[in-house]
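Trainee: test case, fold it:
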Amino acid sequence: MAKRKRDNAPAGEPADKTASAAKKTKTPPKPAVAPTGPFKVGSDGVVTIQIIAGSYDRVLHGITATIRPSPSAAAAAAKSTKSKSPATTPATASHTADFADTFLFNAHTSAIRCLALSPPSAPLPGQPQKILLATGSTDERINIYQLAAHAPSTRSAEEQKALSLLAPRPILENPKNRELGTLLHHSSNVTRLVFPNRSKLLSASEDSTIAVTRTRDWAMLHSFKCPIPKVQGRPSGDTAPVGGAPAGVNDFAVHPSNKIMISVGKGERCMRLWNLETGKKSRVLNFERDALVEIGEGRHSTGEARRIIWGSSASGEDEFAVAFDRDVMIFGMDCKPRCRVMKGENTKVHELAYIKVEGDATVLAVSTEDGRILFFDTSVEALIQPEEKDGGEEVFVITEDGERKKKKKKAASLPCAKLVAQLGGKEAGVVGRIKDFTVLPVEEEATGEWAWYIPSASSNGTLRVWRVEAEDLKAGGKGKLEGKLVGTYETQNRVTCLEAFVMIPRPDGAEDSEYEFEDESEEDEDESGEEE
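Mentor: Numbering: from 1, shown residues only. Below is the predicted model of the structure:
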């Protein structure tokens, strides 16, 4: 894929060595926001979120949500300033969101299945930061875009006011968003995209492969080939052709160390571990039959996992969550099931995310078919142990009289994670499924208190932005309805997937031109060299 280069200096004129040295520096200045930390919210409390939604209708929709404290909250903050108290928004203050269209176009020739965002580029003096966006579809293509990490400049916003007056909805187009090209690495539907870092893109497909692509030149470095399962009956919901078997990768998860990966596929009741350093399969882990039966994946179900994600428990130990049709199982690093999540919840599971709440403590967020986002504490100390029940296998026991008799062994059951809080649902006026969501942490600079903005997407095209305070996700929560709805936006498309990020404030001295003629190859080479 071609990149626009910076114009060469005319003959006889020296090139700008200062700019070249700044470009190749190995010690860039500190980023405006930490790559893995929360966004720092200033005293005005304003946060701008870039939301990207894909749909069944082939439309890729970009929306900015500018979130501000309500007038009453702003007045309370001003009053606290006069009284020499910290000028921050109270935790109970409500917020409002203003939405504007950033881009809207037909990105693919069929439904968009998945999205992925890369970390922002390294900050350089006087240069804006950028984020890569990858979109996967059932047309076998992966489109790559470059998005600005900063909100449009004030001058650009003023110039677009006239256009917004003529349109039915506000428009805030960012001229620095552009398409880079298309990848044709797969021969079937693209099911999952992940940027483990800015220099690599991993993509999974129903052709039973996981491709590793280098973002510097968009060359495919390696392809993990998953075996196609053998035909074993016709499970319910099977859409494979007659005489064939369901095949393809449903999802994969890369460990934070970028050394191992776990994948789950169609028609398989197992997980596959891959060594990312050697590019080879490590081992196959079969799901226990009793555990599958307990979560509703019996003999007549597919028994395949739909989603998988890495996380950590309160003790700091790594764990991963595997989502099935109507339940989620948590596994430890020993690859043995530790607990289940959706006990007593008769609803379908759609998406998962781990949220770091305080210290090393985390909660697992799960979106459901009935319009809720449930938050669970998966730590060992919080697990609810099951009651003993009959129904296990028969064993021989010796009675007090010395007789040998048959007795049914107590059936082993998985512990259940504790429900801490929930969001949405009928009580909040949300009845449609929450197809996808993203968790964005923010931190008040003055007090250091955390909060989370959660953009969610429903299949009917409704986007909602929620705000969850730190108090709402305490470990001792009672599972009640928490969080507040900040704003709602109707995309008028059937949304399938969603991604979002908090936009970084524009650095001082950053270029404000419509186009950026710069060579990214040197920066990408430096990043890839450091990782190797």
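Trainee: what's the pLDDT at the residue most central in space within the chain?
Mentor: Central residue of the chain (C-alpha atoms, centre = their mean): residue 438, 5.4 Å from the mean position. Per-residue pLDDT puts residue 438 at 96.
Trainee: that one: what's it in contact with?
Mentor: Each residue near residue 438 by C-beta atoms under 8 Å, 6 or more residues apart in numbering is listed here: 353, 454-455, 498-500. For every residue, glycine as well, the C-beta is placed using N, CA and C.
Trainee: let me have the residues you listed in JSON lines, extended by secondary structure.
Mentor: Formatted as JSON lines, the contacts of residue 438 follow (DSSP: H, G, I helix; E, B strand; the rest coil):
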{"residue": "353", "secondary structure": "strand"}
{"residue": "454", "secondary structure": "strand"}
{"residue": "455", "secondary structure": "strand"}
{"residue": "498", "secondary structure": "strand"}
{"residue": "499", "secondary structure": "strand"}
{"residue": "500", "secondary structure": "strand"}
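Trainee: quick check: the farthest pair among these?
Mentor: By the measure C-beta to C-beta, 454 and 499 form the most distant pair in the contacts of residue 438, at 12.9 Å.
Trainee: for stretch 124-136, measure first residue to last.
Mentor: Its first and final residues considered, stretch 124-136 spans 30 Å by C-alpha to C-alpha, to the nearest Å.
Trainee: quick one: that stretch to chain centroid distance?
Mentor: Relative to its parent chain, stretch 124-136 has a centroid offset of 18 Å by C-alpha atoms, centre = their mean, to the nearest Å.
Trainee: check which residues of it are buried.
Mentor: 124, 127-136 (16 or more other C-beta atoms under 10 Å).
Trainee: now, those residues that are in helices?
Mentor: Under the assignment DSSP state H, those contribute nothing to helices.
Trainee: and those residues, which is closest to residue 202?
Mentor: Relative to residue 202, the closest of the buried residues of stretch 124-136 is residue 134; by C-beta to C-beta it sits at 9.8 Å.
Trainee: what are the bridge partners for the closest one, then?
Mentor: Residue 134 forms beta bridges with residue 116, residue 144, as assigned by DSSP bridges.
Trainee: hang on, isn't it packed against residue 200?
Mentor: No - contact criterion C-beta atoms under 8 Å: residue 134 and residue 200 do not qualify, at 11.3 Å.
Trainee: what is the neighbour count of the residue nearest to residue 295 when sequence neighbours are not counted?
Mentor: Leaving out its chain neighbours, the residue that sits closest to residue 295 by C-beta to C-beta, 6 or more residues apart in numbering is residue 327, at 3.7 Å. Neighbour count of residue 327, defined by other C-beta atoms under 10 Å: 23.
Trainee: now do the one 5 residues further on
Mentor: Neighbourhood size, residue 332 [other C-beta under 10 Å]: 15.
Trainee: ditto for residue 337
Mentor: Using other C-beta under 10 Å, residue 337 is surrounded by 20 other residues.
Trainee: helix or strand: which one has residue 334?
Mentor: Counting by DSSP states H and E, no helix or strand carries residue 334.
Trainee: go on, the one 4 residues further on?
Mentor: Counting by DSSP H and E, the secondary-structure element that holds residue 338 is strand 337-340.
Trainee: do residue 277 as well
Mentor: Here residue 277, judged by DSSP H and E, is contained in no helix and no strand.
Trainee: in contact with the closest residue to it other than its chain neighbours, which residues?
Mentor: Nearest residue to residue 277, sequence neighbours excluded (C-beta to C-beta, 6+ apart): residue 259, at 5.8 Å. Taking C-beta under 8 Å, 6+ apart, we find residue 259 in contact with 275-277.
Trainee: surely residue 485 touches residue 466?
Mentor: Yes - contact criterion C-beta under 8 Å: residue 485 and residue 466 qualify, at 5.9 Å.
Trainee: pLDDT weak spots in this structure?
Mentor: The model of the chain has pLDDT under 70 over residues 1-36, 72-93, 153-167, 230-245, 313-316, 388-412, 475-476, 508-532.
Trainee: so what touches the strand holding residue 338?
Mentor: 288, 291, 294-295, 319, 327-332, 378, 380, 383, 414-417.
Trainee: switch to 6 Å and redo it
Mentor: Surrounding strand 337-340, the residues in contact under the criterion C-beta atoms under 6 Å, 6 or more residues apart in numbering are 291, 295, 327, 329-332, 383, 414-417.
Trainee: reformat these as TSV; add secondary structure.
Mentor: Output for the contacts of strand 337-340, formatted as TSV (three-state DSSP):
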residue	secondary structure
291	helix
295	coil
327	coil
329	strand
330	strand
331	strand
332	strand
383	coil
414	coil
415	coil
416	strand
417	coil
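Trainee: which of the residues you listed count as buried?
Mentor: Buried subset of the contacts of strand 337-340 (neighbour count, 16+ other C-beta under 10 Å): 291, 295, 327, 329-331, 383, 414-417.
Trainee: I'd like these as a markdown table, with distance to residue 226 appended.
Mentor: Shown next, in a markdown table, are the buried ones among the contacts of strand 337-340 (distance: C-beta to C-beta, whole Å):
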| residue | distance to residue 226 |
| --- | --- |
| 291 | 22 |
| 295 | 23 |
| 327 | 24 |
| 329 | 21 |
| 330 | 24 |
| 331 | 19 |
| 383 | 32 |
| 414 | 27 |
| 415 | 31 |
| 416 | 31 |
| 417 | 29 |
